Structures are given as structure tokens and as C-alpha cells.
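Trainee: I would like to see how this sequence folds:
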Amino acid sequence: MLYTTAYEFLKRFDFDEVKRNIYAQTPADVERALAHTHRTVEDFLALVSPAAEAYLEPMAQEARRLTVERFGRTMQLYLPLYLSNICSNSCVYCGFSVEHKIHRRRLTLAEIDREVEAIQQLGFRHLLLVSGEDHGRRSWQYYLDVVKHLRPHFAQLSLEVQPLDTEQYAALGLAGISNVCVYQETYNEARYPEYHPAGKKADFRYRLETPDRIAQAGIEKIGIGALLGLEDWRTDSAFTALHLSYLKRRYRLARYSVSLPRLRPAVGGYNPACPIDDKGMLQLILAFRLLDQHLDISLSTRESEAFRNHVLTLGVTSMSAGSHTEPGGYAEQHEELEQFTINDARSPEEFAQYLQSVGYEPVWKDWDSWL
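Mentor: Below is the predicted model of the structure:
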């Protein structure tokens, strides 16, 4: 059966039932999943289950092999450029929430030029444009103006802002956006309103169907994921895998990435109820790589230097470096405007040197070589 949207597909699955299924997996289920050459979401449930914790070493060995076969010993590096911390949503976990009395700022084109000058000195050719979810009537036009302004200066522009309509994504694609990321935060529809009590983000279905609109607009790459720590990470990740399986079947020409953002300290002091530890993060990276050899897996500077060093050979294909999470953070630092605190403070040059020291080629200054 061909489902029209991701919401129609995913509503077939009950969050609590999928959770029970994951926690009921046995060592035999894990071994069966590891024996398969082409894995399904059912295999993924076994690989993210507690039963799979005893199999991390063979999972790591295969993940390393699959990654090298598909991507070689390269790591694509990108830089997030925060355009604005203005937000219309009330999200209990986010430093940009409209509830917080913080200084708000949206960069002008002249201020963006100063950011570009600082970023070009770092050498980056790929920018991820990020903003608070500003649902003002003209906000998407601002993004369009920014993309047109930046396109001549960068080889790749990606976007991570509020969900938009299909026609708006199509216009942004024509202007130069080749990759759009949108994260569901949690796939638990029953509890979703507790985390998003007000603002347009409270519309669970509209957000869930955003990757459909991105694909229908002809954007070549789509990034999805869950915010790890809100709900049980194994279950939210299983729904991410289900969502990915739907998208790959429905929109075969698009490419896909998964991000694994773990909740970090931010204004408001939110404490996640279901935190994921480093061992869980490792298991999750391995499970996604074993599920799909061709999937891009992204890991940001939310993670520590030690953890990123440990997992970079085990399935991750894209990492940020030298990040600032506040508008204007590269030309001038304003820590009070941050969305969250970063955890790996190495400069891009320091990180690139580390990659080279372990036999990896950082792809950031000559982005065309990655294409």
C-alpha cells in the first residue's frame, strides 16, 4: 500500500507497542539481524535493543567496514551559521523558546557579510543555515534573500529552520539550497504536546509531513532525526528508522541523512527525563550504519572531543567543527544568545589535523571533491 504522507504511514505504529517490542528482543534476534546482508527496520529494533549491548564489538567491526566501502576514509565538515534566535514556539527544552527573556537578534545582510568574512578565513565551503523558528509572515522571504546573497560564496548551502510549505522549499531550492534538515524531536504523538505547548511547532502532523514537502519540492537531500533525551531514545530512533524507510520508498531520487542531537545545557535549565549515555550513542550510530550503508550520519559539536574521536571511524560521515550557536558568533561572540552550549571546542584546523593524524581526509575547503 502506498501511503500519501509519513503521518499516514507512521500512525499504524503505536509508540508504546514498538517500545515493548524493542525491549523484548533477545540475543538470538540480534544474531539474526547481524547475519542479514540487507537489513530491515525489524533488524534495527534488535540492534538498538538492550540485548545488542553485548554485541557492540562485532557491530563496530562491520560498521567500520561498511563506512570505508561506501565513503572511504573521508569526513565531510560543515559549519552552522545561526541567522537568528527569534522564535515563535514555546519548547520546554530549547534556549530559543519564546518564553525565555533573552536578547533577540536577526542578522542583517551586512552582518552576515561580516560572518562570511570570518568563516571564509576558516576555510569552510559548506554552510548549514540555522534559525529559531520564526513564523512571522515574511520570515521565509528573509531566508530566500539570505540564500541568494550567500550562494556565490559557498559550494553547498543547507537549511535548518522552521517547517515551510512546498512552494517555499521549491523557491529555496532554485536559489541554491540542496539539503534541508528538520527534526521531529519526538515521534511520541501522545506526549509531544508536553514538550511543545504553544506555537506552530505544536502541530505534530504538519511537522512530521515536512520531509514529504521537501521531497516534493525537489530538494536533493533530506535530513531527519529525533532529539535524544526527550523520550526513550531506542523507541524514538526506531521511529526515525521507520520514517526513513517510508521516505526511501516514496521518494527514491532523494538522498537522506540522520542526525543524532543529544540534549545539551541551554537557557531554562531543562533536564531530560530519558538521557542517553555515550554507550547508547555508540550503539545508535552502529545500528543506523548497519541498517543503511549509504546513509549520511551527522554528529555535531554537541558531543565531546573524546566521544567524537572515538566514533568517527564507526559510521559517522559528517561533523561540524568550530561551531557557534548564536547569531553573529563568528565575527563577534555573544554567548548569551546561544541556543545550547557546545561540547567540542576545537578549532576547525585542530580538528582537521586530528582527522589527518588518524588517517582520515577532512573534506571542507575543497567541497567539490566530495560530490
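Trainee: how near is the spatially most central residue of the chain to Leu295?
Mentor: Taking CA atoms, centre = their mean, the centroid of the chain lies closest to Ser259, which sits 2.9 Å from it. For Ser259, the distance to Leu295 equals 11 Å [CB to CB, to the nearest Å]. Bear in mind the C-beta positions are built from the backbone N, C-alpha and C, glycine included.
Trainee: show me where pLDDT drops low in the stretch 251-371 of the chain?
Mentor: Along the stretch 251-371 of the chain, the model assigns pLDDT under 70 to residues 264-269, 333-341, 365-371.
Trainee: and the strands in it?
Mentor: Applying DSSP state E, counting those that start in this stretch to the stretch 251-371 of the chain gives strands spanning 255-259, 296-299, 318-320, 361-363.
Trainee: got those strands as a markdown table, with distance to Cys181 columns?
Mentor: Shown next, in a markdown table, are the strands of the stretch 251-371 of the chain (distance: least, CB to CB, whole Å):
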| stretch | distance to Cys181 |
| --- | --- |
| strand 255-259 | 7 |
| strand 296-299 | 8 |
| strand 318-320 | 11 |
| strand 361-363 | 19 |
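Trainee: the ones you listed: which one's closest to Val180?
Mentor: strand 255-259 (10.3 Å; CB to CB).
Trainee: for the closest one, packing partners?
Mentor: Judged by 3 or more CB pairs under 8 Å, 6 or more residues apart in numbering; DSSP states H and E, the packing partners of strand 255-259 are strand 177-181, strand 221-224, helix 233-250, strand 296-299.
Trainee: export these as TSV, with columns for mean neighbour count and distance to Val311.
Mentor: Formatted as TSV, those follow (neighbours: other CB atoms under 10 Å; distance: least, CB to CB, whole Å):
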stretch	mean neighbour count	distance to Val311
strand 177-181	22	20
strand 221-224	21	18
helix 233-250	22	15
strand 296-299	22	7
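Trainee: list the buried residues for stretch 250-259?
Mentor: 250-251, 254-259 (16 or more other CB atoms under 10 Å).
Trainee: what is the neighbour count of Asp16?
Mentor: Asp16 has 11 neighbours, counted by other CB atoms under 10 Å.
Trainee: whoops, I mixed them up, His103
Mentor: 10.
Trainee: does it count as helix, strand or coil?
Mentor: coil (DSSP: H, G, I helix; E, B strand; the rest coil).
Trainee: what residues of stretch 43-63 count as buried?
Mentor: Buried, per 16+ other CB under 10 Å, within stretch 43-63: 43-49, 51-52, 55, 59-60, 62-63.
Trainee: looking at the residues you listed, spot the one nearest Tyr23.
Mentor: For those, the nearest to Tyr23 is Ser49 (6.7 Å; CB to CB).
Trainee: so what's the closest one up against?
Mentor: Listed by CB atoms under 8 Å, 6 or more residues apart in numbering, the contact partners of Ser49 are 22-23, 25, 29-30, 234.
Trainee: so of those, which ones are in helices?
Mentor: Residues of these located in helices (DSSP state H): 22-23, 29-30, 234.
Trainee: which one of those residues is nearest to Ala118?
Mentor: Using CB to CB, the ones in helices among the contacts of Ser49 come closest to Ala118 at Arg234, 40.0 Å.
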